[in-house]
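Enquirer: Below are the sequence and a predicted model for it; my questions follow.
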Amino acid sequence: MRRILPHPLAALALLIAWLLLVGDFSPGSLILGVVIAILGSWLLREVQPPRLRLRRFGVLFELVRVVLVEIVRSNFAVARIVLAPRPRAISSGFVRIPLEMRDPIGLTALAFIITATPGTVWVEYDSADDSMLLHVLDLIDEAEWVGIIKNRYERRLMEILT
Amino acid sequence: MNDSDLPLWAALPVSVLLLLGAGLTLSGCIGLLRLKSFYARVHAPTLGTTMGMFCTLLASILYFAVTRSRPVLLEILIAVFISVTTPVTLMLLARAALYRDRREGRDDVPPPGTHGAP
């Protein structure tokens, strides 16, 4: 089974995405979708992605909730900064944040969470240093941001990923 | 669009969601104009690709679900594609800018990490 279909979940996701894109569920598009899904999962095997092992699904849902709330909150915060009639002197700046997480999937997830949240952008990761560079639009307290990233996101990601 | 297509109870939330989504996306675009530095401007498009996109897609789902003119699952795919690709673009832009600023020896950008480096 593993030889024919190396990444069953990814193949299933590809199949569903294909059917949604085509927009009909006729046997013809189903067969074509299955072929594409199998080819896609062979391609994925060549890339050799690290294995994803999840645990603590409660923490995972908590993380999703925290991220969504934070995205909504920052949307309005950034909109307020942008639309302020007299642009107040915002001090945007960089913060270097030491990380304990080494897992590539966890680091990817953290990069996505931070960049997807308005007002913060993941700029670079230094693997020699085990630190990341964060750019914050409205930077008031650097130490506060280190705490936010580590406690709100990194700790939970490390709990979720074994 | 015909009036009989969409009952009032659905038209109201659809309009509110569309206006909110479009408004947030617009303020992201205004941010591209008003914010001062490149690194500050990188933050602005995120408005349109998170809540701006979410509200617009929710309005679309609601509209097409009520009028039953086509399956509504396509929006989920759009949401996945946008939220997967945008952060990659923004990170690449920010890294490219930082690389260039360092090469040009500007002193308002932080140096590469130093603690572990030789």
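Expert: Noted; the coordinates are in hand.
Enquirer: C-alpha from now on. contacts and neighbour counts both.
Expert: Will do.
Enquirer: And the pLDDT at residue 76?
Expert: In the absence of a named chain, this looks at chain A. For A:Phe76, the model assigns a pLDDT of 91.
Enquirer: Let me rephrase: I mean chain B.
Expert: 87.
Enquirer: Tell me who's in contact with it.
Expert: By Cα atoms under 8 Å, 6 or more residues apart in numbering or on different chains, no residues touch B:Ile76.
Enquirer: Against B:Ile82, how distant is it?
Expert: Distance of B:Ile76 to B:Ile82, given as Cα to Cα, to the nearest Å: 10 Å.
Enquirer: burial count for the residue of chain A found nearest chain B?
Expert: Proximity to chain B, evaluated over chain A using Cα to the nearest Cα, is greatest for A:Asp129 at 4.4 Å. Neighbours of A:Asp129 under the rule other Cα atoms under 10 Å in any protein chain shown: 15.
Enquirer: Determine the three-state secondary structure at it.
Expert: Under DSSP: H, G, I helix; E, B strand; the rest coil, the three-state class of A:Asp129 is coil.
Enquirer: And the one 4 residues further on, by the same measure?
Expert: Per three-state DSSP, the secondary structure class of A:Leu133 is strand.
Enquirer: Next to chain A, which bits of chain B? Give me the list.
Expert: B:24, B:27-28, B:30-31, B:34-35, B:39-40, B:42-44, B:46-47, B:50-51, B:71, B:73-74, B:77, B:83, B:86-88, B:90-91, B:94-95, B:109-110, B:112-117 (Cα under 8 Å from any Cα of the partner chain).
Enquirer: Buried ones among the residues you listed?
Expert: B:24, B:27-28, B:30-31, B:34-35, B:39-40, B:42-44, B:46-47, B:50-51, B:74, B:83, B:86-87, B:90-91, B:94-95, B:112-113 (16 or more other Cα atoms under 10 Å in any protein chain shown).
Enquirer: Which ones among the residues you listed lie within helices?
Expert: B:24, B:27-28, B:30-31, B:34, B:39-40, B:46-47, B:74, B:83, B:86-87, B:90-91, B:94-95 (DSSP state H).
Enquirer: related to what we said a few turns ago, the residue of chain A closest to chain B and A:Pro98, how far apart?
Expert: For A:Asp129 relative to A:Pro98 (Cα to Cα), the value is 8 Å.
Enquirer: Then A:Arg53?
Expert: 24 Å.
Enquirer: gap between A:Leu9 and B:Asp107?
Expert: With Cα to Cα as the criterion, A:Leu9 and B:Asp107 are 47 Å apart.
Enquirer: These two - which one has more neighbours?
Expert: More neighbours surround A:Leu9 than the other of A:Leu9 and B:Asp107, with 12 against 9 (other Cα under 10 Å).
Enquirer: Check the more buried one and give its pLDDT.
Expert: Confidence at A:Leu9, expressed as pLDDT, is 84.
Enquirer: Burial check on A:Ser52, number of neighbours?
Expert: Wrong residue type there; residue A:52 is Leu, not Ser. 11.
Enquirer: Pretty sure it sits in a strand.
Expert: No. Using three-state DSSP, the assignment for A:Leu52 is coil, not a strand.
Enquirer: Show me what counts as buried in the lengthiest helix in chain A.
Expert: Counting by DSSP H, the longest helix found in chain A is helix A:57-83. Going by neighbour count (16+ other Cα under 10 Å), the buried part of helix A:57-83 is A:Leu60, A:Leu63, A:Val67, A:Leu68, A:Ile71, A:Ser74, A:Asn75, A:Phe76, A:Val78, A:Ala79, A:Ile81, A:Val82.
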